[in-house]
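Coordinates only, no sequence provided:
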């Protein structure tokens, strides 16, 4: 998830590592805070892998700073990951949000729609937080206000996302015939 966020943010503009870290934290930090010990080694690996470059630039007030930019290979890697995301990016809500934050970079409406259809398919499968054998349990199966709240929040979120997905698929189809 972190590497996709790095590629996505650097796709738009060069960034200093600190600025990149702040943007990633704003997108994912409430879920997974980003430690320097995680971010900077990953940036070095991505640089060694030819996905980004680091250029020393004079600082405005302080010492020189390293500016990060995507290479052509980095741009291609982002577009490939957006076009064909791993299944976890479709099924895990936090990864899905990171993917969704950058899906606009994939400037191909049919490819964008294909990703959205995968998410739509996932969301329309029987699901529950709790099961009784093969039967998914629902809020009405519990007397527990907290589990009922869990279901109420999840149901409202899913309904909102399904509505958005269907509307966006119609928009991306252009003709209004792509109803899922």
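Here it is on my side, so go on. Everything numeric here is computed off the predicted structure, so don't read it as measured data. Numbering: from 1, shown residues only.

hey, let's count contacts and neighbours off CA atoms from now on
OK.

domain ranges for the chain?
2-80, 108-173 (automatic domain parsing).

mind putting those domains in CSV, distance to residue 91 included?
Shown next, in CSV, are the domains of the chain (distance: least, CA to CA, whole Å):
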stretch, distance to residue 91
domain 2-80, 16
domain 108-173, 7
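
would JSON lines of these with distance to residue 100, mean pLDDT and mean neighbour count be doable?
Shown next, in JSON lines, are these (distance: least, CA to CA, whole Å; pLDDT from 0 to 100; neighbours: other CA atoms under 10 Å):
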{"stretch": "domain 2-80", "distance to residue 100": "10", "mean pLDDT": "89", "mean neighbour count": "16"}
{"stretch": "domain 108-173", "distance to residue 100": "9", "mean pLDDT": "93", "mean neighbour count": "14"}
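
for those domains, which one sits closest to residue 101?
Nearest to residue 101, of all these, is domain 2-80, at 8.1 Å by CA to CA.

Centre of the chain to that closest one, how far?
16 Å (CA atoms, centre = their mean, to the nearest Å).

ok, back up a step: between the domains of the chain, which one is closest to residue 87.
domain 108-173 (9.0 Å).

how about the strands in the chain?
Using DSSP state E, the strands of the chain run over residues 15-16, 52-57, 65-70, 131-132, 135-136.

Turn those into JSON lines, columns for distance to residue 95.
Shown next, in JSON lines, are the strands of the chain (distance: least, CA to CA, whole Å):
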{"stretch": "strand 15-16", "distance to residue 95": "22"}
{"stretch": "strand 52-57", "distance to residue 95": "22"}
{"stretch": "strand 65-70", "distance to residue 95": "21"}
{"stretch": "strand 131-132", "distance to residue 95": "24"}
{"stretch": "strand 135-136", "distance to residue 95": "24"}
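
so which of those comes closest to residue 102?
Evaluated over these, closeness to residue 102 peaks at strand 65-70, with 14.6 Å, by CA to CA.

ok and the closest one relative to strand 52-57, angle-wise?
Orientation note: strand 65-70 sits at an angle of 150 degrees relative to strand 52-57 (axes from the mean of the first three to the mean of the last three CA atoms, to 10 degrees).

Tell me which residue lies farthest from the centre of this structure.
residue 143 (34.9 Å; CA atoms, centre = their mean).

State the distance from that residue to residue 126.
As judged by CA to CA, to the nearest Å, residue 143 and residue 126 stand 22 Å apart.
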